[in-house]
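1. Could you work out the structure for the sequence below:
(one chain, ligands or ions: 1)
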Amino acid sequence: MVDLSTSIAGVTLPNLLLNASGVNCRYENELQQLLDSSAGSLVTKSATLSSRDGNPEPRYAPLAGQIGSINSMGLPNQGYEYYLEYAKKFDYNNAAGKPLFISLAGMSLPDNKAMCEAFRDANLPCVLEINFSCPNLPGKPQLGYDMEAMEAALQVLAPIIGKPFGIKLPPYFDIAHFDQAAAIFNKFDNIAYVTCINSVGNGLAIDWESETALIKPKDGFGGLGGLMVLQTSLANVNAFYRRLNNGKQVIGCGGVTSGKEAFLHILAGASAVQIGTQLQEEGTGVFERVSKELEEIMVAKGYTNVEEFRGKVKTL
Ligand SMILES: O=C1NC(=O)NC(C(=O)O)N1
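-> Residues are numbered from 1 along each chain as shown. The predicted structure follows:
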């Protein structure tokens, strides 16, 4: 028997697999589906101050050959108070022992400040994941790519949040950016983890027969996810695993379609693993399948728990 449990930001997950924020997590019924699945936890759709319809449809499409997906959802969500109410009535002592993560993506620093203050005042056991990386808001650059602005935001938000929290990061592609971003995060004791990665921003998927972009928003430009971003995701997971100190952890997200990619994320340093595109395409049964596949890999390799190989990717 192998143990897939983990702990993140001081909370225990009976299974290290959970959804990527944004997939199957906007509405309470979807969140219940995640709770009823084999996932070890759940994270809500990134919330803004007010509810949003998001971008015009079609705004999500799988890519041919199951290599991934493109999306430009535009942060459609019920508004942060919906998720605050959900967090207030969430059963933190549920039989399955599943903790709750809440994703926040304020459209401005004052918005993020107001939402973080509301969650602070509610004093709930849920863990906040601040999304600095939505690539799909027309005219709004990702905070994760503006190091000064990201640090300034953290100087405001970290003290308000007070307790351990996480940050959802965009993919970085330059070693200097890994260095700069990690140096910023290491300044804040209550940054407990980073989630790497959000979608690879502003790809363009075109159907060759119709000669048309697959999605409507932003002339077809959207965030790329799925198997095609696996290697970028593994690099970001490992880069921050190597650079973050004082027990800060990494949640891996990107390209997990089977136990094999989940295993690779753990090998790269991930303490938990989020599934997005494959959850969107397969449904919540993906958690049982990937768990079983991961367990089979661990048994075959003689591992009994993930700490035995987490972060132990070998180099030549
Ligand atoms: O942070 C996000 N990442 C994405 O890839 N899409 C969603 C969105 O567009 O709402 N948000």
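
2. The ligand versus residue 281, what's the distance?
-> Separation of residue 281 from the ligand (Cβ to the nearest ligand atom, to the nearest Å) stands at 15 Å. To be clear about C-beta, it is placed using only N, CA and C from the backbone, and glycine gets the same treatment.

3. Verify the assumption that that residue is located in a strand.
-> No: the assignment for residue 281, made by DSSP: H, G, I helix; E, B strand; the rest coil, is helix rather than a strand.

4. Spatially nearest residue to it, not counting backbone neighbours?
-> residue 62 (5.9 Å; Cβ to Cβ, 6 or more residues apart in numbering).

5. do residue 99 as well
-> residue 11 (4.0 Å).

6. can you tell me the residue of the stretch 201-316 of the chain closest to the ligand?
-> residue 223 (3.3 Å; Cβ to the nearest ligand atom).

7. so what's the residue nearest to residue 99 up against?
-> Neighbouring residues of residue 11 by Cβ atoms under 8 Å, 6 or more residues apart in numbering: 41, 99, 125, 127.

8. Which single one of the residues you listed is nearest to the ligand?
-> residue 127 (17.3 Å).

9. Can you read off the pLDDT for residue 138?
-> For residue 138, the pLDDT comes out at 85.

10. Hmm, I typed the wrong one, I wanted residue 1.
-> 85.

11. how far away is it from the ligand?
-> 36 Å.

12. Could you list the buried residues of stretch 75-84?
-> Within stretch 75-84, the residues scored as buried using 16 or more other Cβ atoms under 10 Å are 75-78, 80, 82-84.

13. Also stretch 59-72?
-> 59-63, 68-72.

14. filter these down to the ones near the ligand?
-> 71-72 (Cβ under 6 Å from any ligand atom).

15. In strands only, show me the buried residues of stretch 59-72.
-> 60-62, 69-71 (DSSP state E).

16. Taking the residues you listed together, which two end up most distant?
-> Spanning the widest gap among those are 62 and 71, at 9.9 Å by Cβ to Cβ.

17. Give the residue farthest from the middle of this structure.
-> residue 209 (33.6 Å; Cα atoms, centre = their mean).

18. How many neighbouring residues does residue 175 have?
-> Number of residues near residue 175 (other Cβ atoms under 10 Å) recorded here: 10.

19. Regarding stretch 50-69, how distant is the last residue from the first?
-> 27 Å (Cα to Cα, to the nearest Å).

20. any idea of the mean pLDDT in that stretch?
-> Averaging pLDDT residue by residue across stretch 50-69 gives 97.
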